[in-house]
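> what's the 3D shape of this:
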Amino acid sequence: MKTALFNRAVRADLCWRHCKSIHFLAGVRISDWRLSLNEVRSLPGASLLFRPAFGYTGYRLFTINHTLTGTANSTNFTVLLSGTFAEFATTANGGKVQNTVSCGVNSITCPADLVFTSDSGCSSPLGGWEFESYTATTGQMIAWVIVPTLSTTTNTLIYACVGDPAVTTFHGGSAGSAFDSNTKVVYHFANGTTLSTNDSSSGGYNATPANSPTAVTGEVGGAAYFNGVIRTSNPRRFPGPEPAP
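Now for the predicted structure:
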């Protein structure tokens, strides 16, 4: 196992894939995704994006522009959805979320009845999602959602359905459900105030901080600051062949 030393704050979530390079998933700078979301919001009648749906109060449609997705389709691709949406606050705070529940490797408060689907009827949930952060008072969220195919020829649609009082448990799946089976580790580093090196992949390879790396603000949510000399975070050894550096 190689130990990576960083002489600056890690400004994005770290994902290490077996036999591939270290990927900074958010390091694509998510400007492409923000652009596509901004395009949706600027459409005429954008206020109508929040529509009623069977069983749910409504949904918000996220559209990924296919012209920004490369030259070949991607399978089981994890998409970052980040922003503040008033309807995703709880009903006590003027939003539509009826129920919250503890979820994720850091046991944060998550919206139970905010689910991500592939259809406007909210009946076909996507394969998995993870809330990295959620604020019940404002509707701010950082969510990682896996889509079966990210197309280069047609826009990918994600429906965020919310407001069903009958949904009282988390439907995003167990740890790792938001990432494909080749993903070995995912470290979000928590919220920028308290450092966490828990692994969000299905492997559960929680890292052990050494010499007190600190929590800082990252490009997406929290990050970890390593001074490049003695501060490290050592993951458990992966089974099988060693991943490429």
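> dump the C-alpha coordinates for the helix or strand harbouring Y159 into PDB.
Assessed by DSSP states H and E, Y159 sits inside strand 156-162. This file holds the C-alpha atoms of strand 156-162, laid out as PDB (Å, rounded to 0.1, in the frame of the first residue of the first chain):
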ATOM      1  CA  THR A 156     -29.600  12.400 -18.500                       C
ATOM      2  CA  LEU A 157     -32.600  13.200 -16.200                       C
ATOM      3  CA  ILE A 158     -32.700  12.900 -12.500                       C
ATOM      4  CA  TYR A 159     -35.900  13.500 -10.600                       C
ATOM      5  CA  ALA A 160     -35.600  14.500  -7.000                       C
ATOM      6  CA  CYS A 161     -39.000  13.500  -5.500                       C
ATOM      7  CA  VAL A 162     -39.900  14.900  -2.100                       C
END
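> who does that strand pair up with?
Sheet pairing for strand 156-162, assigned by DSSP bridges, gives strand 56-64 (antiparallel), strand 114-117 (antiparallel).
> and the contacts of stretch 130-137?
13, 84, 89-90, 92-93, 97, 100, 103-104, 108-111, 140-144, 172, 177-178, 188, 191, 200, 220-221 (CB atoms under 8 Å, 6 or more residues apart in numbering). All C-beta atoms are positioned from the backbone trio N, CA, C, and that covers glycine.
> buried residues, that stretch. List them.
E130, F131, E132, S133, Y134, A136 (16 or more other CB atoms under 10 Å).
> walk me through the domains of the protein.
With domains defined by automatic domain parsing, the chain comprises 9-17+183-227, 27-38+49-162.
> please name the residues that touch A72.
Contacts of A72 by CB under 8 Å, 6+ apart are T152.
> may I ask you to confirm that it belongs to a helix?
No: counting by DSSP: H, G, I helix; E, B strand; the rest coil, A72 falls outside a helix, being coil.
> low-confidence ranges, this structure, go.
Under the criterion pLDDT under 70, the flagged ranges of the chain are 1-53, 192, 218, 220, 228-245.
> go again with 50.
1-48 (pLDDT under 50).
> can you pull out the helices in it?
Ranges of helices in the chain, per DSSP state H, are 31-41.
> just the buried members of the contacts of stretch 130-137?
Looks like the contacts of stretch 130-137 have 13, 89-90, 97, 100, 103-104, 108-111, 141-144, 172, 177-178, 188, 191, 200, 220-221 buried, using 16+ other CB under 10 Å.
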